[in-house]
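Colleague: give me coordinates for this.
(chains A and B)
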Amino acid sequence: MAEALATVARLDGLGMITIRADLSRSGDAIAEAAGLAIPDATRISTDGSRSLGWMSPDELLLILPAQETPDAIAALEQALAAEHALIADVSDARAVFEVIGDHASDVIAKLSPAHLDALPQDGLRRSRAAQTAAAFWRVDGGFRLIGFRSTADYLDLVLQSAACPGSGLAPR
Amino acid sequence: MTHTPPFRLARGGRLIDRAFQIPFRFDGRYLRGLRGDTLASAMLASGQMLMGRSFKYHRPRGPVASGAEEPNALFGLGQGGRFEPNQRATTTALVPGMILRSQNCWPSLDADIGAVNNWLSPMLPAGFYYKTFIHPRPFWKHLFEPIIRRSAGLGRAPTDPDPDRYEQAYALYDTVVVGGGIAGLTAAREAAEKGGKVLVLEQNPVWGGRTPVDHKAGEATIQALLDDLRGRANVTLRRNTMATGLYDHGYLLAREALADHDPNQGIPRQRLWRIRAGHIVTATGALERPLAFACNDVPGVMLASAVRDFIVDYGVAPGQRIVVVTNNDDAYRTALIAQEARLDVTVLDARDSADGDLPQAARAQNITVLTGSAIAKVTGGRHVESVAVCDQKGEGKHTGTIDCDVVAMSGGWSPIVHLYSHCGGKLLWDEAQAMFRPDPDRPPLGADGRGNVTATGAASGDLRCAGDLERAEGATMPVWCMPANAPYKLRAKMWLDYQNDVKVTDVLLAAREGYASVEHTKRYTTLGMATDQGKVSNINGLAILSDALNQPIPQTGTTTFRPPYTPLTLATIAADARGEAFQPLRKTPLHAWHERHGVSWEPVGQWRRPYCYPRGDEDRHAAVNREILAVRNSVGTLDASTLGKILVKGPDAGKFLDMMYTNMMSSLPVGKCRYGLMCSENGFLMDDGVVARLTEDTWLCHTTTGGADRIHGHMEDWLQCEWWDWQVYTANVTEQYAQIAVAGPKARDLLERLPGSIDLSQQALPFMQWVEGDIAGMPARIYRISFSGELSYEIAVPAGRGLELWERLQEAGRDLGITPYGTEAMHVMRAEKGFIMIGDETDGTIIPQDLGLGWAISKKKSDYIGKRAQSRSHMKDGARWQLVGLESLDDRVIPDGALAVDEGTNPNGQRKTQGRVTSSYHSPTLGRPIAMALVRHGTGRMGQVLEFPLPSGEVLKGRICDPVFYDKEGARLNG
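Modeller: Just a heads-up that it's a prediction; the model follows:
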C-alpha cells in the first residue's frame, strides 16, 4: 500500500485572538502588544511560536500557545484602550490541522479552489475545505489549516480522504 | 456475403498486446480480447458485430464509430453496486473479467420481441408520442402512458450503492489545450514557448488523435511533439481526461478516469477537475458524418474512419469485403489501409470525379473506384450482406450489386464545436467544406470582454492540420440524401439518429407539420436527444430540415450545445459529498455526550441538536413528556450552544443596535439583558434573541441557531455598505462558547452546589441580568434568562470546557432528578408560555405586531430596519391575522398547519380561510392539547370557536383563547 499523500493531524494547544481595529492607526500598538510585525494584506507574519495573520482590511488573527492567551488579550486591550477596537478570544471556536508531507498541496488542492502556486511562503488564504470555511498557510513541510470547531470531524474526514494513498494529482 | 473469420488480423494493431489475452463475459458467454482492446474491438475480434438494439424499433445494431460519438454499442457493464448502464463500447477499455449485458432487448439480443415495433413502424412516426396526448383522450392515461413509461430509457439504472470513491480537484492554468492530437500538441508547444502554465487534456489513454492512424509518419511526429512537451517544466500532460463542459470565466470541468480499469486498487475511481483557465484552446478534432442511404443502420455499416481505426489500432477487420462509400477524399485512407490489410475493397464515390492524391493512390493499388455512384440500399438483417449500387443523381435505380460484409461510409467531417459553443461561441457555415465551424470573430468572451477560447486544427475546420504529413485532397461534395432523388420508400429507411430511430422521413414529416425551428424539430422527432446527444446525426438532420424548408443551412442553424460533452457519472459530480461527508455536520462540544446517552437527534441547519433522550422502552413522545415534567418540577439541562452569539462593539454600537432591533438597545444598562426582535427592510420578523450589554461599548447579541451566520452577515452588510462611517466592529463568537441552560424550580439549588465565586441569589442576580465569575473552576458568564418560564440560568463557558461543566451538573443534580432535555421539550414549554418561535409563528410574512409583540417595538426611536415598511397600509390593516391561543374542544391535538375555514368560497372555488395553526402540542404540564394560531381579528374574538377540517373529512374545533397557557403572572420565573 502506498503512503498517504500527507499526514493529517489535529493540533491542540493553540490560542487564537481576533483583533479588529483600524490597522493604519493602531498597527504599531498591535505589533508591539502582539510581539509580531503587522502582516501585509493576505500574509501572515511568524516569529517563533506566534503568528499574526491578515484576515481582512480591519481584522487580524493572533495565533499563539494557548497558555499565553490571557496575557496577550490583556496586553492588546491595554495597547488599544484609547482606540476603537475589538479583541475577542476565539481559541475554543477553532479546529486546527496540520497537513504535512511531500504532496500536502495535493490534499489542499482537492478541497479548496485557492490558487496554491500563487500562495507565497508567508501567504494566508481564507477559503474553504470542501463545504466548510477554512483558512490555511504554509508551514515547514506542508500546511496549517484552521476551520470551525463544530466542523472538526468533517474537516478531519475530508482531509483524510483527500490524502488517500495513491491519489496524487501528478499526471499518471 | 456472410460475416466470416478471421476477425483479428494476423498483423498490426498499434494499441494491442497480443501476448496478453483478456477474458470477459458478454450476456453469459465467455469471450476473449487482448490487452489494449476496447470493448468494441474485443467484440468485433470475437465476431460479435451485433451489439445492441435501437431504442424505438429495437432494430439490430452494430458499432458505427470508434470513439465518443458511438450511438449504438452501449452496454450494461459490471454488476451490483458497480453496474453502469449505457457504457460506450468504443471508449471503454477491456478489463479482465468484465461482465457486459446487452440492453433494450428481451429475451435476448438475438431474439428480441420488442423488434415487433419495427413492423409497427409506419404507425409510430415522429411525434406519435405527442399525438397520443391528444386523441382519443382516455387512451393516453390508460393505454399509451403505461406502455411508454415501461419502455422509456435504454439501460437499467443501478440499484445498489456505488462502492467506489470519487474526488474533485481544483487547478488554475494560463492555457488549457483540450485535445492531445497533432493540433493540440502543436498549440501546447506554442503556448508553452510563450510562457505560463499549460495543461493538455486528452480524453483517450493514448496521445495523437487521428494522426497516427491517418498518416504513415504520424506516430513519430506525435512522439516528437510529446518528447518536446515532456521536457518543459511549464507543461502538464493529462490523459484519460475528458473536458466535459466550459462555463463562464474560463471555468472548465474535466473528468479524469483514474481507476475505471481497476476499481479495486483503493484509489478514487474518477476525479472531477474544476479548472480555471486563462485561455482555452479547443483542439477537439472533428466527427465523421454518416451518409443517409436506405438501411444505413444494418450492423456492418460503419464510419469509414472507424473501419480504419479498428484495423490500425486493434488489428481487427470489421469485415473481409468492404465497400467504401464517400463524398470526399479522406475516406480513401480507409480503402488504402483495408487493401494493405489484404481486405477486399471497392469505392463508391458520389462525386463525378475523384482525382486527388488519395483516389489516385487507391487506383494505383488496383482498388475499384466507381464515381458518381451511390448506395441505393443495403441488404442484410443482422449483418450487411450486399449493397445495391445506383447513380447518386438518380432515384435509386439499381445499376449493380456488390457482395460485402462492411460498408465504410463518409459524409464528410464536422468539427467538434461543443466546448467552443458551451459558453456562447458562435459558429459559421463553411459552404466550401459543408460544415459548421467556430467563427473566430465571435468567440466566447472572458471577464475582460475578449475572446477566451480559440479553436485550432480540425476543431476549427482545418481538416488538413497534420502539416507536412498531408496529401492534397479534392473538394467534398455535400450529400445529405443518397441517392439525391430517392423516393419516399428509400427515405423511410434512411437513419439519421441511430439510437433514437429518427429517419429522414421523420424530419420531413416534422417540417410538413410546421416545425420550422430546429429546436422544435429536435424535440418533436427526438433527433439528437439520445445518450449520444446526436454527435453523428445533428448536422445531417438539420441539413435535411433545411432542404425540406427550402432554406439555406445557416438559416436553420444548429441546436444548442450543452455540457457535458459525454455523460458524466453523478458520483463524480458528488465526489466526496456522500455518506458521512455528504454535508458538514456541525457538532456542539456536548455532541458525543448526547450520543452516549441515547439521544434522538433533530437536524437544525447543519447542526444536530438533541430532540429528546428516550430511556428504556420510551418512545419520543413519552421522553419529551418526562423531560418537560422534570423541568417543571425539578431541574433540567439543555445544550443551547448552537444559539448564535455575536459581539458588537464600538462608540456607535448602541446606535447600530437600535437600528438592528425594533426595540431600544442603547438604553440597556451594563449587566442587563433584553429580548429583542429583528426585522427585514420589509418589516417582517426575521430573528429574535436576548441581547446582553457587556460593557459601556460592548453588546452580545444572541440569535436563533439558524440565524447565527445570516444575522452576522446582515449586520456586516449594513455596516460595510450603508453605515461604513459608523464605528462598530462585530465578531461571531458562536462557537467559542458552550452554553448550557439550567431550568426548573431547583435550578438555583443545583448551581449553588457547584463551587464558585458567583452569587446566584435573587437579589444578586435577578431575572434578565447576567454576571461573570468562576463556576466549578471554569470562567463563566451566567445569564438569568428563561425560555421555559421556569427559574432558569444559561451558563456560557469556553467550548473546550463545556463537557466538563455539563458532567459536573449531571453529577451534582443526581438526587434532584436532573434531566437533560431536548429541543422538543423546549418547544412545548415555550408554547405553554405563549412564546413565539422564529419559523413556527413566523414564515417571512409576519410582522411583530401580528404576534402581539408591539411591546418590543420602541415608540421613541426615529427609525429601525423595517419601521418604514411596518407603516404601510397593508401592515396596519386591522384584518391581518393575529396570534391567539387555541383550546381544542376535545382531547385531540389540532394538527400544526391546519386551516381555520370561513364561510363561502374564493374565486377558485376553494373554501375561504380565516386562520391557521402555527404551533400545536400536547401539554404534559396541563394535561391537555394547546395550540397557537394566527387568526383574522384574532385578539378581538376570545371565546369564539373555529373549525379545522382535516384531509380525512373530520372537523376539529378550537376555541380562541389567550396564548399564555401556563403561569400567566410569571411567578415561576423566580423559582
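Colleague: and B:Glu70, how many neighbours?
Modeller: With neighbours defined by other Cβ atoms under 10 Å in any protein chain shown, the count for B:Glu70 comes to 27. The C-beta positions use only the backbone N, C-alpha and C, and glycine is treated the same way.
Colleague: I'd say it and B:Ala530 touch.
Modeller: No: between B:Glu70 and B:Ala530 there is no contact, the gap being 11.2 Å when judged by Cβ atoms under 8 Å.
Colleague: mind listing what the residue in chain B sticking out farthest from the centre touches?
Modeller: Ranked by distance from the centre of chain B (Cα atoms, centre = their mean), the top residue is B:Gln763, with 59.9 Å. Applying Cβ atoms under 8 Å, 6 or more residues apart in numbering or on different chains, we find B:Gln763 in contact with no residue.
Colleague: do the same with the one 4 residues further on
Modeller: The contact partners of B:Phe767, taken as Cβ under 8 Å, 6+ apart, are B:Arg784, B:Ile785, B:Ser786, B:Leu973, B:Asn974.
Colleague: could I have the ChimeraX command that selects the buried members from those residues?
Modeller: Below is the selection syntax for ChimeraX that covers the buried ones among these, with 16 or more other Cβ atoms under 10 Å in any protein chain shown defining burial:
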select /B:784,785,786,973
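Colleague: wait, which of the contacts of B:Phe767 is closest to B:Cys390?
Modeller: B:Ile785 (92.7 Å; Cβ to Cβ).
Colleague: quick one: contacts for the closest one?
Modeller: Applying Cβ under 8 Å, 6+ apart, one finds that B:Ile785 lies in contact with B:Cys673, B:Val690, B:Phe767, B:Met768, B:Ser792, B:Glu794.
Colleague: and what about it, helix, strand or coil?
Modeller: coil (DSSP: H, G, I helix; E, B strand; the rest coil).
Colleague: please name the nearest non-neighbouring residue to it.
Modeller: Sequence neighbours aside, B:Val690 is the residue nearest to B:Ile785 in space, at 5.1 Å (criterion: Cβ to Cβ, 6 or more residues apart in numbering or on different chains).
Colleague: so what pairs up with that neighbour in the strands?
Modeller: Here B:Val690 sits in beta bridges with B:Tyr675, as judged by DSSP bridges.
Colleague: my guess is it contacts B:Arg674, does it?
Modeller: Yes: contact criterion Cβ under 8 Å: B:Val690 and B:Arg674 qualify, at 7.0 Å.
Colleague: so what's B:Lys377 up against?
Modeller: Counting by Cβ under 8 Å, 6+ apart, the residues that B:Lys377 touches are B:Phe293, B:Ala294, B:Cys295, B:Val387, B:Ala388, B:Gly396, B:Leu490, B:Lys493.
Colleague: can you tell me the closest non-neighbouring residue to it?
Modeller: The spatial neighbour of B:Lys377 that comes closest, neighbours along the chain excluded (Cβ to Cβ, 6+ apart), is B:Ala294 at 4.1 Å.
Colleague: and the gap between the one you found and chain A?
Modeller: Counting by Cβ to the nearest Cβ, to the nearest Å, the gap from B:Ala294 to chain A is 47 Å.
Colleague: count of residues packed around that residue?
Modeller: Using other Cβ under 10 Å, B:Ala294 has 28 other residues around it.
Colleague: if I read this right, it contacts B:Tyr488, doesn't it?
Modeller: No: if you go by Cβ under 8 Å, B:Ala294 and B:Tyr488 don't touch, sitting 11.0 Å apart.
Colleague: in the stretch 351-500 of chain B, which residue sits closest to chain A?
Modeller: B:Ala447 (15.3 Å; Cβ to the nearest Cβ).
Colleague: now do the SS call for that residue.
Modeller: Once three-state DSSP is applied, B:Ala447 turns out coil.
Colleague: setting aside sequence neighbours, what's the nearest residue to it?
Modeller: Closest residue in space to B:Ala447, ignoring its immediate chain neighbours: B:His249 at 5.5 Å, by Cβ to Cβ, 6+ apart.
Colleague: using the three-state scheme, assign that neighbour.
Modeller: Secondary structure of B:His249, reduced to three states by three-state DSSP: helix.
Colleague: who touches it in this structure?
Modeller: Contact analysis of B:His249 by Cβ under 8 Å, 6+ apart lists B:Arg276, B:Gly446, B:Ala447.
Colleague: residues from the stretch 651-800 of chain B in reach of chain A?
Modeller: Remark: the part of the stretch 651-800 of chain B in contact with chain A comprises B:651, B:698, B:727, B:729-731, B:733-737, B:798-800, using Cβ under 8 Å from any Cβ of the partner chain.
Colleague: weed out the non-buried ones from these.
Modeller: B:698, B:727, B:729-731, B:733-737, B:798-800.
Colleague: now tabulate the residues you listed in a markdown table and tack on secondary structure.
Modeller: Formatted as a markdown table, the entries for these read as follows, by three-state DSSP:
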| residue | secondary structure |
| --- | --- |
| B:Thr698 | strand |
| B:Gln727 | coil |
| B:Tyr729 | strand |
| B:Thr730 | strand |
| B:Ala731 | strand |
| B:Val733 | coil |
| B:Thr734 | helix |
| B:Glu735 | helix |
| B:Gln736 | helix |
| B:Tyr737 | strand |
| B:Pro798 | strand |
| B:Ala799 | helix |
| B:Gly800 | helix |
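Colleague: pick the one among the residues you listed closest to B:Tyr515.
Modeller: Distances from B:Tyr515 to those, taken by Cβ to Cβ, are shortest for B:Thr734, at 58.1 Å.
Colleague: can you pull the contacts of B:Arg609?
Modeller: When contacts are counted by Cβ under 8 Å, 6+ apart, B:Arg609 is found next to B:Thr588, B:Trp601, B:Glu602, B:Pro603, B:Asp639, B:Thr642, B:Thr705, B:Gly822, B:Thr823.
Colleague: what about the third one, neighbour count?
Modeller: A count of neighbours around B:Glu602, defined by other Cβ under 10 Å, yields 16.
Colleague: tell me the phi and psi of it?
Modeller: B:Glu602 adopts backbone torsions of phi -130, psi 130, taken as degrees, to the nearest 10.
Colleague: in helices only, show me the contacts of B:Arg609.
Modeller: Using DSSP state H to define helices, the subset of the contacts of B:Arg609 located there is B:Thr823.
Colleague: closest to B:Ala187 out of the contacts of B:Arg609?
Modeller: Closest approach between the contacts of B:Arg609 and B:Ala187, by Cβ to Cβ: B:Pro603, at 50.3 Å.
Colleague: next one, pLDDT for that closest one please.
Modeller: Reading off the confidence values, B:Pro603 has pLDDT 96.
Colleague: and for it, nearest residue in space, chain neighbours not counted?
Modeller: B:Arg609 (8.0 Å).
Colleague: show the average pLDDT along the helix or strand containing the one you found.
Modeller: With elements delineated by DSSP states H and E, B:Arg609 resides in strand B:607-612, which encompasses its position. The average of the pLDDT scores along strand B:607-612 is 98.
Colleague: low-scoring stretches of the chain, by residue?
Modeller: Answering for chain A, as no chain was given. Applying pLDDT under 70 to chain A flags the ranges A:1.
Colleague: ah, no, chain B please
Modeller: Using pLDDT under 70, the flagged stretches of chain B are B:1-3, B:150, B:152.
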